[in-house]
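Chemist: Sequence first, then the predicted structure:
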Amino acid sequence: MRMAVELGYYTLSVRDLDRAAAFYGGLFGWEFRREHETYLHVTSTAVAMGFVAGGASSQPNLYYHVDDIDKAVERVRELGGGTGEIYESKSGRGCSCTDDQGTEISLWQPAPGFA
């Protein structure tokens, strides 16, 4: 099975979505689309990204683009890693995982129009 290994999506955790939109919109000219009360999608970047409300982390949440989330999750488990439940959103299907050493990663299979 061949899987893409490029970064496909990332999020930044922030305390307040409206303040983040004002700051980053003013700084970079980014445009936004509110997906739901805790998520704001950035519509004007080359690499797809968004903001997640509920805290502030100094590290971005990276989502690695895969062609088939079900096969990728199965492969993580075969290699000794751990996985959460596969979830669905407007932007596609994803899963939080850990490698065989406990490092957290996320996998993302984009929905049509999000790749």
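Modeler: That came through fine. Keep in mind that what you see is a predicted model, and the values were worked out from it rather than measured.

Chemist: can you give me the helices in this structure?
Modeler: 17-28, 69-78 (DSSP state H).

Chemist: Comparing these, which comes out most buried?
Modeler: Per residue and on average, the most neighbours among these fall to helix 69-78, with a mean of 16 (mean count of other C-beta atoms under 10 Å). Every residue, glycine included, has its C-beta placed from N, CA and C.

Chemist: how far does that one sit from the chain's center?
Modeler: Relative to its chain's centre, helix 69-78 lies at 17 Å (C-alpha atoms, centre = their mean, to the nearest Å).

Chemist: Find me the pLDDT at residue 1, would you?
Modeler: For residue 1, the pLDDT comes out at 51.

Chemist: Under the pLDDT cut-off, which ranges of this protein? List them.
Modeler: Along the chain, segments meeting pLDDT under 70 span 1-5, 56, 115.

Chemist: Go ahead and confirm residue 89 touches residue 38.
Modeler: No: look at residue 89 against residue 38 with C-beta atoms under 8 Å: they stay out of range, at 11.2 Å.

Chemist: Format the helices of the chain as CSV; extra columns: distance to residue 99.
Modeler: Converted to CSV, the helices of the chain look like this (distance: least, C-beta to C-beta, whole Å):
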stretch, distance to residue 99
helix 17-28, 29
helix 69-78, 8
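
Chemist: Which one of these lies nearest to residue 106?
Modeler: helix 69-78 (10.6 Å; C-beta to C-beta).
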